[in-house]
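A.B. asks: Kindly generate the corresponding structure for this input.
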Amino acid sequence: MGAYRPAEVALGRPSTSSGQRERHPLEPVVNEFKRHFGDIAVDLGQAEDRQFVDAFLDTESNRLDITFRQTLYRQTGGHPLFTVELLRGMQERGDLVQDGEGRWVEGPALDWETLPVRVEAVIAERIGRLPERLQDTLTLASIEGETFTAEVIARVRAADEGEVVGRLSGELDRRHRLVSAQGVLRTDPALSGTKGGQRLSVYRFRHILFQRYLYNSLDQVERAHLHQAVGTALEALYGEEVGEIAAVAPQLARHFQEAGIGEKAVAYLHQAGDRALRMSAHQEAIAHFTQGLELLEALPDTPKRAQQELAIQIGLGVSLELTRGYAAPEVGRVFARARELCRQMGETPQLFPVLGLLLSFYCARGEPQKGREIGEQLLNLAEQAEDPLLVTVAHWMLGWCLLFLGELAQAQTHLERMVVFYDPQQHHSMAFVYGQEPGVTSLSVTSWALCALGYPEQALRRSREALVLAQELSHPLSLALAQVYAGILRMFCGDWQTVQEFAEACIRLSTEHGSPYWLSGGLICHGWALAEQGQAEEGIAQVREGIAILRATGAEMLMPFILATLAEACGKAGQVEEGLAAVAEALAAVDRTGERFYEAEVYRIKGELLRMQGADEAEVEACFQHAIEVARQQQAKSWELRAVMSLCRLWQEQGKREEARQRLAEVYDWFTEGFDTPDLKEAKALLEALS
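C.D. replies: Next up is the predicted model:
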């Protein structure tokens with residue numbers, strides 16, 4: 001019984017004298033067996049290879065996790081010798097260490113680059129059998145990476161493309177040697193584009209260890225030279241198609257970095273980051289932008305470098321706020337640096353978006369007054385520039401701040417400017433500048449202002465428009481924003497079923513895209529819906545979880561509303577003391593942040609909880625009266641109606657029926673829409689009971 005590798009038997013060795021291939025000693029034996037028994041080869045596919053890796057690790061290192069196993073399999077392709085020797089080499093170097101029970105576990109730093117001597121010897125022997133021209137071709141291919149392009153090799157070597165393709169496909173892929181064809185039929189733009197209407201010929205090393213060996217065989221000077229040549233060839237190849245070059249920007253950045261051409265590497269990292277940002281691949285974008293900033297530090301301090309840094313800082317900040325949260329400390333540091341760069345550079349158009357991003361940061365941190373000051377600065381800048389788009393953006397952002405400050409009518413006026421002006425075809429790209437889709441955000445925030453001002457039907461219409469727009473546009477976290485705002489609007493309207501639907505959709509979307517900020521909003525909405533259905537304990541737990549996640553991002557925005565929501569849920573569970581504690585925290589947040597959008601409701605909820613507790617009626621009434629006063633100052637008719645209903649129920653118990661009826665009728669008669677909403681239905685029923 002015996003076994004052999006078909007590739008090695010078929011390959012043989014080139015003769016040094018004639019150039020003809022020498023027959024492998026086993027070749028006639030194999031041919032004789034085939035003549036008698038037919039095909040005697042056993043094809044071990046990927047599944048069997050992976051089974052070997054897993055079985056071997058289960059016996060040798062059963063503490064190694066799935067990530068390590070996947071990486072090991074990718075490195076070795078399931079090749080038994082490579083697997084065993086690579087693992088043994090790691091053990092000998094201390095990359096794998098034994099724990100107290102004698103089991104192998106991952107050490108502090110794994111080294112995938114250093115090849116064990118036996119593995120290197122096997123690879124060297126196999127590559128040494130290849131004709132010299134093939135060795136040269138594959139060595140150059142190793143510069144491009146595990147995956148490489150025949151057309152790039154041809155351009156660097158000034159060779160005929162058909163000849164290179166024929167050499168690779170005929171000599172290697174046909175006999176299943178070191179590479180396999182990948183790209184003749186592929187359409188993945190990251191690996192193959194179009195050139196003159198034809199697909200590029202893309203190949204892959206069968207084992208990354210082959211690529212690594214060939215790459216390491218080059219000295220540093222030759223590597224740098226070839227990286228520059230390959231980068232230049234890729235630029236020309238992909239630059240022939242408009243927009244295609246962005247698909248290979250990360251590769252171009254790597255080649256020019258290795259070639260020591262830092263400025264071009266930074267430019268391509270910026271381009272790669274922008275592309276990832278637009279594809280909502282935010283972690284990838286952060287990696288590209290961060291690497292670009294690191295490379296910039298080694299470049300001379302010039303105005304051009306400052307301009308490059310500013311552009312990268314803006315992109316990095318947007319990706320960070322969408323993944324870490326709008327109020328995350330690192331977001332603030334990035335935008336503060338961007339603002340400093342704007343100061344250094346003097347008049348620069350980037351100042352406007354940088355200020356807009358800082359406005360979002362301050363509002364999210366619970367500093368809407370700071371946001372307002374920046375918003376007014378933005379409006380002045382836009383009016384001086386006489387730019388209608390910038391003027392509209394300034395109105396949008398200023399309106400957002402004014403809503404949280406409780407200046408609802410003014411907020412509505414500013415926000416409507418963006419609602420009317422917005423064109424999704426022209427203005428959607430602002431989502432990648434400000435981190436929020438302007439049409440979706442302005443419609444969503446407008447819906448809250450309209451609802452509080454006493455126009456629930458108009459509010460719901462704007463909210464539906466925001467959701468439809470968000471579904472149409474390719475910006476997932478703006479959809480999450482629309483879902484949270486729509487869910488909270490339905491909370492104002494008492495529609496727990498719709499709230500739950502939006503909350504569940506937002507939780508899924510936020511989890512998928514790694515956004516703790518919007519995940520927290522989904523959990524808070526879902527907790528409220530559970531409490532409304534009688535599952536108060538579970539609802540309270542979810543609201544608290546949402547608060548913890550939100551605060552972990554550094555955010556304080558909407559905290560008075562969120563804590564009031566928690567207080568109401570506690571009341572439904574009979575946890576009055578816990579509810580009053582949440583109210584006290586909410587009122588402290590109002591005083592600390594100046595956020596007054598939900599202030600009237602916080603006082604009303606406090607009164608209801610005191611009433612449940614059996615507190616003095618004068619204290620209860622004072623809460624309701626204060627809620628009414630705040631609501632009237634803000635022109636918040638919906639909050640006023642709720643507070644008046646709470647007061648009238650108290651008066652009803654005290655026998656002040658006529659006084660209660662007159663007070664309620666006065667505010668109820670103001671409304672012109674929304675009579676099928678729970679609040680207005682309840683008000684009508686109470687009026688009838690008081691008559």
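
A.B. asks: okay, CA-based contacts and neighbour counts for the rest of this
C.D. replies: Fine.

A.B. asks: Can you find the helix or strand of the protein with the lowest average pLDDT?
C.D. replies: strand 194-195 (a mean of 46; mean pLDDT, DSSP states H and E).

A.B. asks: could you pull out the strands for the protein?
C.D. replies: 13-14, 21-22, 96-98, 104-106, 147-149, 179-181, 194-195, 198-199, 202-205 (DSSP state E).

A.B. asks: confidence score at the closest residue to Ala394 other than its chain neighbours?
C.D. replies: In this structure, Ala394 finds its nearest non-sequential neighbour in Leu379, 5.0 Å apart by CA to CA, 6 or more residues apart in numbering. Note on Leu379: pLDDT of 96.

A.B. asks: same check, this time on the one 4 residues further on
C.D. replies: The confidence metric pLDDT takes the value 94 at Glu383.

A.B. asks: my read: Leu460 touches Val445, true?
C.D. replies: No: counting by CA atoms under 8 Å, Leu460 does not reach Val445; the two are 11.4 Å apart.

A.B. asks: between those two, which one's more packed in?
C.D. replies: Val445 (27 against 21; other CA atoms under 10 Å).

A.B. asks: Extract the C-alpha trace of stretch 636-655 and format it as PDB.
C.D. replies: Provided in PDB are the C-alpha atoms of stretch 636-655 (Å, rounded to 0.1, in the frame of the first residue of the first chain):
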ATOM      1  CA  ALA A 636     -46.800  72.400  23.300                       C
ATOM      2  CA  LYS A 637     -50.600  71.800  23.100                       C
ATOM      3  CA  SER A 638     -50.300  68.000  23.200                       C
ATOM      4  CA  TRP A 639     -48.300  68.100  26.500                       C
ATOM      5  CA  GLU A 640     -50.700  70.800  27.800                       C
ATOM      6  CA  LEU A 641     -53.700  68.600  27.000                       C
ATOM      7  CA  ARG A 642     -52.200  65.700  29.000                       C
ATOM      8  CA  ALA A 643     -51.300  67.800  32.000                       C
ATOM      9  CA  VAL A 644     -54.800  69.400  32.000                       C
ATOM     10  CA  MET A 645     -56.400  66.000  31.900                       C
ATOM     11  CA  SER A 646     -54.400  64.900  34.900                       C
ATOM     12  CA  LEU A 647     -55.400  68.100  36.800                       C
ATOM     13  CA  CYS A 648     -59.100  67.700  35.900                       C
ATOM     14  CA  ARG A 649     -59.100  64.100  37.200                       C
ATOM     15  CA  LEU A 650     -57.800  65.400  40.500                       C
ATOM     16  CA  TRP A 651     -60.400  68.200  40.500                       C
ATOM     17  CA  GLN A 652     -63.100  65.700  39.600                       C
ATOM     18  CA  GLU A 653     -62.200  63.700  42.800                       C
ATOM     19  CA  GLN A 654     -62.300  67.000  44.800                       C
ATOM     20  CA  GLY A 655     -65.800  67.800  43.400                       C
END
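
A.B. asks: Touching that stretch from outside, list them.
C.D. replies: With CA atoms under 8 Å, 6 or more residues apart in numbering as the test, stretch 636-655 has contacts from 408, 451-454, 600-601, 604, 608, 621, 624-625, 627-628, 631-632, 657, 659-661, 663-664, 667-668, 679, 683, 686, 690.

A.B. asks: redo that, cut-off 6 Å
C.D. replies: Applying CA atoms under 6 Å, 6 or more residues apart in numbering, the set of residues contacting stretch 636-655 from outside is Ala452, Leu453, Gly454, Arg604, Phe624, Ile628, Ala631, Ala660.

A.B. asks: what sits against the fifth one?
C.D. replies: Just to be clear, that refers to Phe624. Neighbouring residues of Phe624 by CA under 6 Å, 6+ apart: Arg604, Ala643, Leu647.

A.B. asks: With the third one instead?
C.D. replies: Under the criterion of CA under 6 Å, 6+ apart, the contact list for Gly454 reads Lys637, Ser638.

A.B. asks: mind running it again at 10 Å?
C.D. replies: Residues in contact with Gly454 (CA atoms under 10 Å, 6 or more residues apart in numbering) are Gln635, Ala636, Lys637, Ser638, Trp639, Glu640, Leu641, Trp670, Phe671, Thr672, Glu673, Gly674.

A.B. asks: what's the answer for the last one, then?
C.D. replies: For Ala660, the contact set (CA under 10 Å, 6+ apart) comprises Val644, Met645, Leu647, Cys648, Arg649, Leu650, Trp651, Gln652, Leu686, Leu687, Leu690, Ser691.

A.B. asks: If any of these are buried, put those into a PyMOL selection.
C.D. replies: Remark: buried members of those, expressed as a PyMOL selection using 16 or more other CA atoms under 10 Å:
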select buried, resi 644+645+647+648+649+650+651+652+686+687+690
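
A.B. asks: Tabulate the contacts of Ala660 (JSON lines), appending distance to Arg199.
C.D. replies: What follows is these, written out as JSON lines (distance: CA to CA, whole Å):
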{"residue": "Val644", "distance to Arg199": "71"}
{"residue": "Met645", "distance to Arg199": "71"}
{"residue": "Leu647", "distance to Arg199": "75"}
{"residue": "Cys648", "distance to Arg199": "76"}
{"residue": "Arg649", "distance to Arg199": "76"}
{"residue": "Leu650", "distance to Arg199": "78"}
{"residue": "Trp651", "distance to Arg199": "80"}
{"residue": "Gln652", "distance to Arg199": "80"}
{"residue": "Leu686", "distance to Arg199": "74"}
{"residue": "Leu687", "distance to Arg199": "75"}
{"residue": "Leu690", "distance to Arg199": "80"}
{"residue": "Ser691", "distance to Arg199": "81"}
